[in-house]
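Undergrad: Structure of the sequence below:
(chains A, B, C and D)
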Number of protein chains: 2
Amino acid sequence: MNMNKSERLSETTGNETSDLSKARLRAWLQILKVSRKIEGELREKMRTEFNTTLPRFDVLAALYRERDGMRMSELSKSLMVSNGNVTGIVDRLVAEGLIVRVPVENDRRASIVRLTAAGEKDFAERALVHEGWVSELFDDLSSGDADALIRILRNISHHNEAPHHD
Amino acid sequence: MNMNKSERLSETTGNETSDLSKARLRAWLQILKVSRKIEGELREKMRTEFNTTLPRFDVLAALYRERDGMRMSELSKSLMVSNGNVTGIVDRLVAEGLIVRVPVENDRRASIVRLTAAGEKDFAERALVHEGWVSELFDDLSSGDADALIRILRNISHHNEAPHHD
DNA sequence: CACAAATATTTTAGGTTTGAAATATTTTCA
DNA sequence: TGAAAATATTTCAAACCTAAAATATTTGTG
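TA: All right, here's what the predicted structure looks like:
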């Protein structure tokens, strides 16, 4: 459980919190701060330069990686948002002609969502610009720090990975 | 601007992206992933254990740090959300009796929001539990990695700090 | 002083998000 | 086979969130 002396102590005495748990809280608040700041900047760029929204861009990005399409449930798991949420965003992207819903052979409950030719073209162009925006926002992030960041965050991700069924 | 050779090259040739910009994009996606995962877990805890929401908790936390209260605009800046957003959340917390709006002497446009006694008591208890949740979710994060994370993220924050007027 | 500009907040319209309930379909198994 | 359980998705109500417009008030300036 990765406890230091003062944390073990706190288990017996009740309510105190350890230095380590305070450091972790600070780390979390800092993650949240950066995440909100960057997301806000990107949202603004998406709106003014691309006339779209982050959630829509995220869906296109997921579908661009899976060129054969994804089920609604795969999409929602991949983006870590609820099923109902994906429904609305997909509806709007379908209305814009960037994606289509395709029925699934042998399972009439499900449908697969794929990019249209227009959606593929649109996203391919925008992805490069988007990468440029991100790189500018992270201008002070050296290659070494980027790697360190990724390593530390992956550790956290893996620890909190949902246990998969089999 | 922190460019390497291939990035300088790309400026002249057009559309390619450097290894560094790709590393930064990966770092950003990883931040986003962790942020969403942790936020989801905390939201769930807030709902089931505290019968409240993250945004409300965030407002209480800000007001707990500023015991004399904050203006609406200070709150929205501190939480990095829009003014209109804060209005709605504050309305609900007022309805719950956890905070109050106090008129500001000599400025009838503004109002100050403060914790009530009940709000203060409520938050003080919950903050400790919340810190415990965070520490568990970051169980694999060592003290050294927490410090490294904070350092790197602070760098990014500062680079993207809004230039203040004077 | 008058009145334009600035400031603080709320309102509004539209989109995003969730969790739970509803719908439709498929699978399981007695 | 045929009902119950499981699965895939949509619908729904409530909350969150933003940008822009509206409202109210204060400040600055000729």
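Undergrad: Can you verify A:Asp68 is assigned to a helix?
TA: No - with DSSP: H, G, I helix; E, B strand; the rest coil as the criterion, A:Asp68 is located in coil rather than a helix.
Undergrad: Give me the phi and psi for A:Ile99.
TA: Main-chain torsions, A:Ile99, degrees, to the nearest 10: phi -140, psi 170.
Undergrad: Check the spacing between it and DNA strand C real quick.
TA: Plainly put, A:Ile99 is 13 Å away from DNA strand C if you go by C-beta to the nearest atom of the strand, to the nearest Å. Every C-beta, even on glycine, is put in place using the N, C-alpha and C of the backbone.
Undergrad: Quick one: residues contacting the residue nearest the centre of chain A.
TA: For chain A, A:Leu79 is the residue whose C-alpha lies nearest the centre (C-alpha atoms, centre = their mean; 5.4 Å). By C-beta atoms under 8 Å, 6 or more residues apart in numbering or on different chains, the contact set of A:Leu79 is A:58-59, A:62, A:86.
Undergrad: Can you give me the distance of it to DNA strand D?
TA: Counting by C-beta to the nearest atom of the strand, the gap from A:Leu79 to DNA strand D is 13 Å.
Undergrad: Could you tell me what pLDDT the model assigned to that residue?
TA: With respect to pLDDT, A:Leu79 has a value of 97.
Undergrad: One more: A:Asp166?
TA: 36.
Undergrad: And the strands in chain A, which stretches?
TA: A:70-71, A:99-104, A:107-115 (DSSP state E).
Undergrad: Mean neighbour count, these: which tops it?
TA: Of all those, strand A:70-71 has the most neighbours on average by mean count of other C-beta atoms under 10 Å in any protein chain shown, namely a mean of 18.
Undergrad: ok, is that strand in contact with DNA strand D or not?
TA: Yes - shown here: strand A:70-71 in contact with DNA strand D (C-beta under 7 Å from any atom of the strand) through A:Arg71.
Undergrad: pLDDT averaged over that strand - what is it?
TA: 98.
Undergrad: And stretch A:40-58, by the same measure?
TA: So the average pLDDT for stretch A:40-58 ends up being 97.
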